[in-house]
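Peer 1: here is a sequence together with a model predicted from it:
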Amino acid sequence: MSKHVYLRAYMAGITVPSAVMVLALTMFCVVRLGFQYPLPIERALVFPMALVPNLWGLWNMLYVVVRRRRQVPIGLFGALVPLIIAPIGLAVLRALALDIPRFVLAAFPVGLAVIVGGYYLIWKYAVGFFNRLLEIA
Amino acid sequence: MNESDERVQELVRRAIGPMADPELKRDLWPRMRARLETPPVRVPWWDWALAGAVVLCLIVFPAAIPAVLYQL
């Protein structure tokens, strides 16, 4: 199975965020529509819905390219993604003039650490599993 | 098997036609054996510790959950 390696890498990369997106959308419906939370979350949804899964797919394609030249642990490679995604996410929020609640801003450093740690684990085990399944690893 | 069954078989055979190349192009057993011999994934203790720390952080700082969901 040596054909379309980059396409398979892209598909392996987008699987996890696409699955999590359903969960996030459910939470959005509960919070916004169920509890009538007065924050226009739907304006910011374009980022996790459209950009994040594509970034994961592209990052996994990049991983395939990088791994041909040197051995890089997939967990550490995936842990770098938030360092790219977080500034883009903040820029999207600013561009959409969406006010971030203060309690979320206050928890941002902790959130970033959690995201980096979580990404390390998700990339190491989940994306690594899909890469092995699609015979990329 | 009566005459009608044979007729149906003949019609099906004629409609589908013979398979062009019924043989496999390669031996699949070595790949199957390699997959069977692959050791199961072992999670080292530091990954368990990291997962625990992530969960603990989310419990202690629930305000970080929206930021985490936003990045996924």
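Peer 2: Arrived safely.
Peer 1: got the residues of chain B near chain A?
Peer 2: B:41, B:43, B:47, B:50-51, B:53-54, B:57-58, B:61, B:63-64, B:66-72 (Cβ under 8 Å from any Cβ of the partner chain). Every C-beta, even on glycine, is put in place using the N, C-alpha and C of the backbone.
Peer 1: quick one, what contacts the closest residue to residue B:67 other than its chain neighbours?
Peer 2: Among residues not flanking residue B:67 along the chain, residue A:111 sits closest, at 3.5 Å (Cβ to Cβ, 6 or more residues apart in numbering or on different chains). By Cβ atoms under 8 Å, 6 or more residues apart in numbering or on different chains, residue A:111 lies in contact with A:104, B:61, B:63, B:64, B:67, B:68.
Peer 1: and the helices in chain B?
Peer 2: B:3-16, B:29-37, B:45-60, B:64-70 (DSSP state H).
Peer 1: what strand or helix carries the residue nearest the centre of chain A?
Peer 2: When Cα atoms, centre = their mean is applied to chain A, the residue found nearest the centroid is residue A:52 (4.6 Å). Under the criterion of DSSP states H and E, residue A:52 resides in helix A:52-67.
Peer 1: for the helix or strand following that helix, the distance to its chain's centre please.
Peer 2: Heading C-terminal from helix A:52-67, the first helix or strand you meet, by DSSP H and E, is helix A:74-79. Distance of helix A:74-79 from the chain centroid (Cα atoms, centre = their mean, to the nearest Å) equals 12 Å.
Peer 1: and the longest helix for chain A?
Peer 2: From DSSP H, the single longest helix across chain A is helix A:5-28.
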